[in-house]
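K.L.:
With the sequence up front, the predicted model follows.
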Amino acid sequence: DNLFKSRISLYRYKGFIFPGEIILSGILQELPKFQFRENDVIVASFPKSGTTWVQEIVYMLTHNLEKSDDSSEVLETRFPYLEYPYPGIKSIAKQKGQRHIKTHLPATILPPSFVSSGAKLIYITRNPKDTIVSYWHFVRLLSTVSFIGSFREFLQLFLSDKVPYGPFYDHLRTYFDLQKTQNVLIITYEDLKENPIQYYLQVPVTDSEAFDVAVATTFRSMSENKSVNYEHWKDIGFANKNEGKFLRKGVVGDWKNYFTPEMLKDFESWRIKNEPDEICKFKNNL
Ligand code: A3P
């Protein structure tokens, strides 16, 4: 408890950890009633895997490649977070036209209507070592969490499956399972970074249009775009002003600047124990 400046509570629900605000607001109990629609596009992930990046790419691809800018509606209302109290599941249910929905839910907790809806879902995953580094910075940034522990302390929480939406590999495994029968595309942060346009092929765009999307969604462009960089969180009190930025570094392999050989050893024994078999497909990247 002394690792958090704010009072936070975590709950285990159906094998996964959730922050108190999601459990206590009753959203998880309401979720089973939520109706997905055929033309919904869902971006799902374990936190800090590149969700925001994929959301913005998807949004552009489904809006005539229109670029968002400082004056655009912010991403959290354009592309709401399903299980979060704000803007809320009820407002998503009322939305007309094509809906864009972000979720960190494991597939086993997704509203069951997903299966018959025909909605499309993209799951982005990332090397867990980089995810852990990004997550540590994020829990320091979020004012509702205000983590004050060291990186080593956060790593221990992560490896003992005590961070929201964990356990990491169980989360990924639920989407490997869902992919066997449903319209699910699993991509990695590392692949997207190496070749950002490879996935647009399912949308009819020309090479030069694909290039425009990639340029508009680079780390640099998104960092400077107020509608996607979450900097307004500092003004509304969601983020601590004295911490860094949501769009923090945007690189592959930053873990090397944080992991000591001893931490790496702990990580490796956790990985070997928990990694799903399907991961071999991603072995080069993860
Ligand atoms: P870092 O903390 O390593 O920089 P999520 O959106 O799932 O919360 O993930 C956030 C991570 O994705 C952060 O990682 C953030 O910087 C990175 N990110 C966001 N937009 C990006 C982009 N356009 N290109 C590369 N990385 C991006």
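P.N.:
Received, thanks. Numbers count the residues shown, from 1 in each chain.

K.L.:
and this protein, which residues reach the ligand?
P.N.:
45, 47-53, 130, 134, 137, 217-219, 222, 247-250, 254 (CB under 6 Å from any ligand atom). For the C-beta atoms, the positions are set from N, CA and C on the backbone; glycine is no exception.

K.L.:
From the residues you listed, which land in helices?
P.N.:
Members of these lying in helices (criterion: DSSP state H): 51-53, 130, 134, 137, 219, 222.

K.L.:
Dump those residues into CSV; add pLDDT and neighbour count as well.
P.N.:
Shown next, in CSV, are these (pLDDT from 0 to 100; neighbours: other CB atoms under 10 Å):
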residue, pLDDT, neighbour count
Thr51, 98, 24
Thr52, 98, 23
Trp53, 98, 22
Asp130, 97, 23
Ser134, 98, 21
His137, 97, 21
Phe219, 98, 14
Met222, 98, 22
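
K.L.:
Let me know the closest of these to Pro276.
P.N.:
Asp130 (18.2 Å; CB to CB).

K.L.:
Number of residues surrounding the residue nearest to the closest one when sequence neighbours are not counted?
P.N.:
Excluding the flanking residues, the one nearest Asp130 by CB to CB, 6 or more residues apart in numbering is Trp255, at 5.2 Å. Neighbourhood size, Trp255 [other CB atoms under 10 Å]: 18.

K.L.:
from now on call the first residue 539
P.N.:
In the new count, where the first residue is 539, that last one comes out as Trp793.

K.L.:
Trp793 is in contact with Ile670, isn't it?
P.N.:
Yes. Between Trp793 and Ile670 a contact is recorded at 7.1 Å, counting by CB atoms under 8 Å.

K.L.:
Surely Ser547 and Gly558 touch.
P.N.:
Yes. With contact defined as CB under 8 Å, Ser547 and Gly558 form a contacting pair (3.7 Å).

K.L.:
And the strands in the stretch 639-788 of the chain, which stretches?
P.N.:
658-663, 722-726 (DSSP state E, counting those that start in this stretch).

K.L.:
Can you find the helix or strand in the protein with the smallest mean pLDDT?
P.N.:
The weakest-scoring helix or strand in the chain, judged by mean pLDDT, DSSP states H and E, is helix 558-562 (a mean of 82).

K.L.:
Past that one, which element shows up next along the chain?
P.N.:
helix 565-568 (DSSP states H and E).

K.L.:
Give the buried residues for that following helix.
P.N.:
Buried positions in helix 565-568, judged by neighbour count with 16 or more other CB atoms under 10 Å: 565-566.
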